[in-house]
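Undergrad: model the structure of this input:
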Amino acid sequence: MLDGLSMDQLRTFIAAADEGSFSAAGRKLRRAQSVVSHTLANLELQVGLALFDRSGRYPQLTEAGQALLEQAREAANSMDAFKARARMLAGGLEAELAVAVDVMFPIATLTDAVKAFHHQFPATPLRLYVEAMGAVVQPLLDGRCRIAVIGSLPDIPSACASDYLTGVPSVIVAAPGHPLANAKRALTRAEINKHVQLVLTDRSTLTAGREFGVMSQQVWRLADLGAKHAFLRAGLGWGSMPLHMVEQDLADGRLVRLSLRAHPLLGTAFSMHAIWLKDQPPGPAGRWFVDRLKSE
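TA: Numbering: from 1, shown residues only. Predicted coordinates:
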């Protein structure tokens with residue numbers, strides 16, 4: 001008998017409990033009182049319990065009715081969510097949004113955009129990959145994400161369309177005790193060649209055999225930007241960092257800014273773009289997320 005329960009019966013049960021009478025429930029549901037009474041009688045027959053005490057002027061929930069009311073609400077809310085989700089998917093909304101984001105992108109901006117996305121699309125799960133260089137693009141090309149936000153990799157694949165987001169300033173830094181930190185002028189290649197350069201490396205194979213911004217003959221390669229930051233502060237080498245990550249270090253004197261005559265463009269800015277495959281453009285949630293990153 002319980003397998004025959006319907007959402008209509010549960011909604012009628014909820015309306016009668018909330019309104020305090022079958023006639024008021026009928027007005028709310030735009031049905032005759034007799035239809036409401038018949039629906040509730042059938043529901044009680046199916047569950048094998050009296051849900052209302054009808055002995056008084058107005059029906060009162062029985063103990064069983066009170067116990068089942070909350071479950072009825074949960075079931076009705078779940079069905080409403082199911083219908084809303086189905087309507088959004090039918091309209092092209094992504095079932096899930098997966099985004100690969102360059103580690104150079106400001107985390108505060110990303111966090112604000114994610115919080116706003118959760119508010120705007122509470123039923124759409126968001127999956128984020130935070131990587132560098134080709135490892136940002138690889139999940140997009142592999143079909144594991146719909147959008148990639150690139151910056152440390154300057155090349156946009158030919159199969160991708162792009163949308164410019166922002167420029168992220170970068171600086172070349174070293175610890176105050178590092179030998180290069182004492183220079184009061186732009187450094188030459190001969191001078192920086194004598195010291196270890198800390199370089200962010202690519203976890204993917206997309207940039208195999210290529211170098212980006214490598215100026216020294218002595219290079220330590222790190223796959224984690226946080227580790228590079230820590231190594232720079234420890235005086236283990238020199239290297240470029242996004243300004244937002246080291247701004248406080250510069251203000252507090254934990255790092256100092258360097259200038260290179262050998263490569264004046266190194267340590268200026270990363271140009272951040274959102275990219276996607278041309279034949280798989282973002283859906284409504286993805287487009288909203290890209291626009292939010294731009295506005296931030």
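Undergrad: any idea how many residues pack against the nearest residue to Asp102 once chain neighbours are set aside?
TA: Once flanking residues are discounted, Asp102 sits nearest to Gly151: 4.3 Å by CB to CB, 6 or more residues apart in numbering. C-beta here means a position set from N, CA and C on the backbone, and glycine is covered the same way. Using other CB atoms under 10 Å, the number of residues around Gly151 comes to 24.
Undergrad: and if you look at Ala227?
TA: By the criterion of other CB under 10 Å, Ala227 has 13 neighbours.
Undergrad: sorry, back to before: doesn't Ala274 make contact with the residue nearest to Asp102?
TA: No: taking contacts as CB atoms under 8 Å, Gly151 lies outside contact range of Ala274: 10.4 Å.
Undergrad: rewinding a little: state the distance from the residue nearest to Asp102 to Gly283.
TA: Using CB to CB, to the nearest Å, one gets 23 Å for the distance from Gly151 to Gly283.
Undergrad: quick check: buried residues in stretch 94-102?
TA: Using 16 or more other CB atoms under 10 Å as the test for burial, stretch 94-102 gives Glu94, Leu97, Ala98, Val99, Ala100, Val101, Asp102.
Undergrad: in the chain, which spans are helices?
TA: 7-19, 22-29, 33-47, 63-90, 107-120, 134-141, 189-192, 225-233, 243-252, 284-295 (DSSP state H).
Undergrad: quick one: distance of the shortest one to the chain centre.
TA: Taking CA atoms, centre = their mean, to the nearest Å, one finds the center of helix 189-192 at 42 Å from the center of the full chain.
Undergrad: the last one now?
TA: The chain centroid and the centroid of helix 284-295 are separated by 11 Å, computed with CA atoms, centre = their mean.
Undergrad: ok, and what's touching it?
TA: The contact list for helix 284-295 (CB atoms under 8 Å, 6 or more residues apart in numbering) reads 91-94, 97, 99, 109-110, 113, 116-117, 120-121, 124, 146-147, 149, 163, 165-166, 274, 276, 281-282.
Undergrad: repeat that for the third one.
TA: Surrounding helix 33-47, the residues in contact under the criterion CB under 8 Å, 6+ apart are 1-2, 4-5, 8-10, 12-13, 15-16, 22-23, 25-26, 29, 50-52, 64, 68.
Undergrad: 7 Å instead, please
TA: For helix 33-47, the external contacting residues (CB atoms under 7 Å, 6 or more residues apart in numbering) are 1-2, 4-5, 8-9, 12-13, 16, 22-23, 25-26, 29, 50-52.
Undergrad: equivalent analysis for stretch 54-72, please.
TA: Around stretch 54-72, the neighbours that count as contacts under CB under 7 Å, 6+ apart are 10, 13-14, 16-17, 20-22, 49-53.
Undergrad: repeat the analysis, applying 8 Å as the threshold.
TA: With contact meaning CB under 8 Å, 6+ apart, stretch 54-72 is reached by 10, 13-14, 16-17, 20-22, 47, 49-53.
Undergrad: repeat for stretch 207-217
TA: With CB under 8 Å, 6+ apart as the criterion, stretch 207-217 contacts 133-134, 152-154, 189, 192-193, 195-197, 199, 202, 240, 260, 262-263, 266.
Undergrad: that older thread, buried deepest among the helices of the chain, which one?
TA: Stretch with highest mean neighbour count among these: helix 134-141 (a mean of 22; mean count of other CB atoms under 10 Å).
Undergrad: picking that back up, JSON lines for the contacts of stretch 54-72, including distance to Ser34 and pLDDT?
TA: Formatted as JSON lines, the contacts of stretch 54-72 follow (distance: CB to CB, whole Å; pLDDT from 0 to 100):
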{"residue": "Leu10", "distance to Ser34": "19", "pLDDT": "88"}
{"residue": "Phe13", "distance to Ser34": "16", "pLDDT": "90"}
{"residue": "Ile14", "distance to Ser34": "19", "pLDDT": "91"}
{"residue": "Ala16", "distance to Ser34": "13", "pLDDT": "90"}
{"residue": "Ala17", "distance to Ser34": "19", "pLDDT": "90"}
{"residue": "Gly20", "distance to Ser34": "18", "pLDDT": "89"}
{"residue": "Ser21", "distance to Ser34": "13", "pLDDT": "89"}
{"residue": "Phe22", "distance to Ser34": "9", "pLDDT": "89"}
{"residue": "Val47", "distance to Ser34": "21", "pLDDT": "87"}
{"residue": "Leu49", "distance to Ser34": "22", "pLDDT": "86"}
{"residue": "Ala50", "distance to Ser34": "19", "pLDDT": "91"}
{"residue": "Leu51", "distance to Ser34": "18", "pLDDT": "90"}
{"residue": "Phe52", "distance to Ser34": "15", "pLDDT": "91"}
{"residue": "Asp53", "distance to Ser34": "20", "pLDDT": "88"}
